[in-house]
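Colleague: Let me see the structure of the following:
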Amino acid sequence: MKKVGYAGVAHIHTPGFVDRLNKRNDVQVKAVWDKEAARAQITADKLGTQTVDDLSTILNDDEIEAVIICSETSDHEELVAKAAAAGKHLFIEKPLGTTGAAAAKMARAIQDAGVIYQTGYFMRSQPVHRFIKQQLAAGTLGKITRVRHSNVHDGSLGHWFDPGKGWFEDGWMWMTDVEKAGVGGFGDLGSHSLDILLWLFGDVAQVTAQVDRAFDHYSCDEYGEGMLRFENGIIGTLAAGWVDVLRPLPILVSGTEGQIYMNDGDVFFRSEHVDGADGKQPWTDLPEALPHAFELFLDAIVGKDVELIDVNDMVAHATVMEAFYEGAANNTWVQIEKPTF
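Modeller: As a prediction, the model looks like this:
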């Protein structure tokens, strides 16, 4: 039985991760720490474990091999530095950092420590994205010209983050505070879309965006639209936010010899190179889904051979997302300059 610890439980995904941990028989949470004792206690009670008042208790415990960081994003840098220095394997909820520079600093600490790293970009495990990656490798779409990804929900419409919602007294309100979260609704959900776009299509040369609010109950942006020009010439768009009632078209990939898109859960595929791929009927010959990104981390620390997310990717994500917000603030295109570390 592998022992892990929690270093921060503020994130809205904490309940889902706790549920996954409670269903495992090969991983046990030995202790929970959070800078707010009440949050730690609620989470520990759900896990049937103990809290600690001092994070060093977890970091100095040789039985605890891994640490799960679900704190406010603005606290990641301090927590990652301490946990990496202690040699703990790390699951860090996305995004890694509020800026590209912060992400680069953490990536260096993680790499120098030589620990297992993973983050919560679960969309890489989904059949549609795995299928697209396979077809890109096979060249069945020809030259890719245009791509689009969207990730939206009705969180702002439903006041998901309000005090009294979820487990904690303050709800998940910190996620609407740009100082703590680094982003608003566009960056929160757009982070997942950006991960898929960079994973599938490579480095970005320049970006721009527009973000806005539909309501006044949260101080951050609630939705937005970004545009990307990739280094290989592909033009992409990214839509994300908390004010959508449906998500009918999450991804579209258009090439000179084919196209893949998803509509209401069905995948449509047209290619001159694949028999039956006429784009008229849903394409069902898809890869199996992989486990959730959090499950893959737990599998890795118990010794299973799984593919995890490279921490270098997270530096690129943070850099591009920071540029999106700069482009939105200044109403301009922003050249992507990769942080060195």
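
Colleague: Which strand or helix spans F268?
Modeller: For F268, the host element (DSSP states H and E) is strand 266-271.

Colleague: Likewise for Q28?
Modeller: Judged by DSSP H and E, Q28 forms part of strand 27-33.

Colleague: Equivalent analysis for V128, please.
Modeller: Using DSSP H and E, V128 sits in helix 127-138.

Colleague: quick one: the very next helix or strand once past that helix to chain centroid distance?
Modeller: Following helix 127-138 in sequence order, the next helix or strand is strand 144-152 (DSSP H and E). Here the centre of strand 144-152 is set off from its chain's centre by 17 Å, with Cα atoms, centre = their mean, to the nearest Å.

Colleague: How about K88, nearest residue that isn't a chain neighbour?
Modeller: Leaving aside its chain neighbours, K88 sits nearest to V67 (4.4 Å; criterion: Cβ to Cβ, 6 or more residues apart in numbering). The way it works is simple: take the backbone N, C-alpha and C, and place the C-beta from them, glycine included.

Colleague: quick one: contacts of the strand or helix carrying the one you found?
Modeller: If you go by DSSP H and E, V67 is part of strand 64-69. Residues outside strand 64-69 that contact it (Cβ atoms under 8 Å, 6 or more residues apart in numbering): 2-8, 17, 29-31, 58-59, 76, 79-80, 83, 88-93, 116, 297, 301.

Colleague: out of those, which are inside helices?
Modeller: Judged by DSSP state H, the subset of the contacts of strand 64-69 located in helices is F17, I58, L59, H76, L79, V80, A83, F297, I301.

Colleague: Show me which of those is closest to Y218.
Modeller: Comparing these against Y218 with Cβ to Cβ places H76 closest, at 21.5 Å.

Colleague: ok, that closest one touching I92?
Modeller: Yes: counting by Cβ atoms under 8 Å, I92 is a contact partner of H76 at 6.3 Å.

Colleague: Mind checking which of the two has more residues around it?
Modeller: I92 (28 against 23; other Cβ atoms under 10 Å).

Colleague: quick revisit: who are the packing partners of the strand holding F268?
Modeller: Secondary-structure packing of strand 266-271 (3 or more Cβ pairs under 8 Å, 6 or more residues apart in numbering; DSSP states H and E): helix 127-138, strand 258-263.

Colleague: Please identify the most buried of the ones you listed.
Modeller: Mean neighbours per residue, mean count of other Cβ atoms under 10 Å, is largest over these for strand 258-263, with a mean of 20.

Colleague: Give me the distance between T73 and V204.
Modeller: Here T73 is placed at a distance of 21 Å from V204 (Cβ to Cβ, to the nearest Å).

Colleague: again with G164
Modeller: Counting by Cβ to Cβ, the gap from G164 to V204 is 39 Å.

Colleague: And these two? Which one has more around it.
Modeller: Per other Cβ under 10 Å, whichever of G164 and V204 has more neighbours is V204, with 24 against 9.

Colleague: For that one, list each beta-bridge partner.
Modeller: For V204, the beta-bridge partners under DSSP bridges are F230.

Colleague: Pretty sure it sits against I234.
Modeller: No: the pair V204 / I234 is not scored as a contact, 9.4 Å apart, by Cβ under 8 Å.

Colleague: I'd like to know which elements the helix of greatest length in the chain is packed against.
Modeller: Secondary structure assigned by DSSP H gives helix 311-330 as the longest helix of the chain. The elements that helix 311-330 packs onto, with contact taken as 3+ Cβ pairs under 8 Å, 6+ apart, are helix 100-113, helix 185-201, strand 204-212, strand 223-230, strand 334-335.

Colleague: Out of these, which is the most enclosed?
Modeller: Burial of the helices and strands packed on helix 311-330 is given as mean neighbour count (mean count of other Cβ under 10 Å); helix 185-201 ranks first at a mean of 25.
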